[in-house]
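pasting the structure only:
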């Protein structure tokens, strides 16, 4: 039985482990961002990042009450934004 101290909150609220999710060692090695750092990286305010986290538009890891955004979470969010932008231009 494996117990993790850090929970991963993927986009959409599905917390079951899938084969497409990165392995634990990959998640440990990835760069992590605080809410302020993530806000600076994507060009919005920290309150905007909190809104995205609360609406499950941006995934995160949770350690106690602290929410930590992984580089993979940011990449996935930015890819979604790009897809939505491209889809809107096609219409």
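Received the coordinates, thanks. Since the structure is predicted, the reported quantities are computational estimates derived from the model, not experimental observations.

Any regions of this structure where pLDDT drops low?
In the predicted model, the chain carries pLDDT under 70 at residues 1-22, 90-91.

helices or strands up against the lengthiest helix in it?
With residue count as the measure and DSSP state H as the assignment, the chain has helix 71-90 as its longest helix. Helix 71-90 sits against strand 32-33, helix 35-42, with contacts defined as 3 or more CB pairs under 8 Å, 6 or more residues apart in numbering; DSSP states H and E. Where C-beta positions appear, they are placed from N, C-alpha and C, glycine not excepted.

and the helix or strand just after the longest one, what does it pack onto?
If I follow you right, that is helix 35-42. Next along the chain after helix 35-42, taking DSSP states H and E as the criterion, comes helix 46-54. Contact here means 3+ CB pairs under 8 Å, 6+ apart; on that basis helix 46-54 packs against helix 35-42, strand 66-70.

quick one: contacts of helix 46-54?
9, 35-36, 38-39, 42, 58, 60, 67, 69, 77 (CB atoms under 8 Å, 6 or more residues apart in numbering).
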